[in-house]
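1. model this:
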Amino acid sequence: MHARPSREDAHQVVYFRRHPDDDSAASVPGRDILSGCPITVQAKFWARLVAVATAPPHKFAGGGYWEAMKGDMAGWFEVRVDGPGRHHYRLFCLLDNAAEGVERPLLVVVCGLDKPFRTTLSSAEYAGVRELGREYLKRNPRPLA
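-> The predicted structure is shown next:
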């Protein structure tokens, strides 16, 4: 395993950038959540994203750190990191093989959420994640940071 992305990786790790025409600032939700995480959590996220991109993602045995989601979230992947104070951090990702103008498939960090230990995310929070995914997929070339 290596600590940085490589051109040899099966997937390229990228971030979704919101488009200002979508009633939002041109924010980068995945990067925004990361910048608010403790440094140790940021480092663990980055190491896991690189490991998954290298594997490739569909062959990664993630030990609970990279999980394919089910139900309403089918097609999504979740990267999990536990932080200080038993706080949970999650990044929500899509795999994109249809992006135009890129060299290889994308592992797209769309957004993230955090929650206290032993709590669950609400259906409204998951709906917000799915909405950002629809926003990402409606443009091609994709809106990338």
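2. Mind jotting down where the strands sit in the chain?
-> Under the criterion DSSP state E, the chain carries strands at the ranges 12-15, 66-68, 77-83, 87-96, 106-115.
3. And for the first one, what's in contact with it?
-> Spelled out, that is strand 12-15. 5, 28, 30-31, 49-50, 53, 102-109, 142, 144-145 (CB atoms under 8 Å, 6 or more residues apart in numbering). In this view, the C-beta of every residue, glycine as well, is placed from N, C-alpha and C.
4. so what's the residue lying farthest from the centre of the chain up against?
-> Within the chain, the residue lying farthest from the chain centre (CA atoms, centre = their mean) is Gly85, at 22.7 Å. Applying CB under 8 Å, 6+ apart, we find Gly85 in contact with Phe117.
5. any idea how far it is from Pro38?
-> According to CB to CB, to the nearest Å, Gly85 and Pro38 sit 9 Å apart.
6. any shared contact partners between these two?
-> Listed as contacting both Gly85 and Pro38 by CB under 8 Å, 6+ apart is no residue at all.
7. So for His2, what's the pLDDT?
-> pLDDT for His2: 53.
8. I figured Gly62 hits Val52, correct?
-> Yes. Gly62 is within contact range of Val52, at 7.1 Å (criterion: CB atoms under 8 Å).
9. which non-adjacent residue is nearest Gln42?
-> Distances taken as CB to CB, 6 or more residues apart in numbering place Leu34 nearest to Gln42, at 5.5 Å, with adjacent residues excluded.
10. All set now, cheers.
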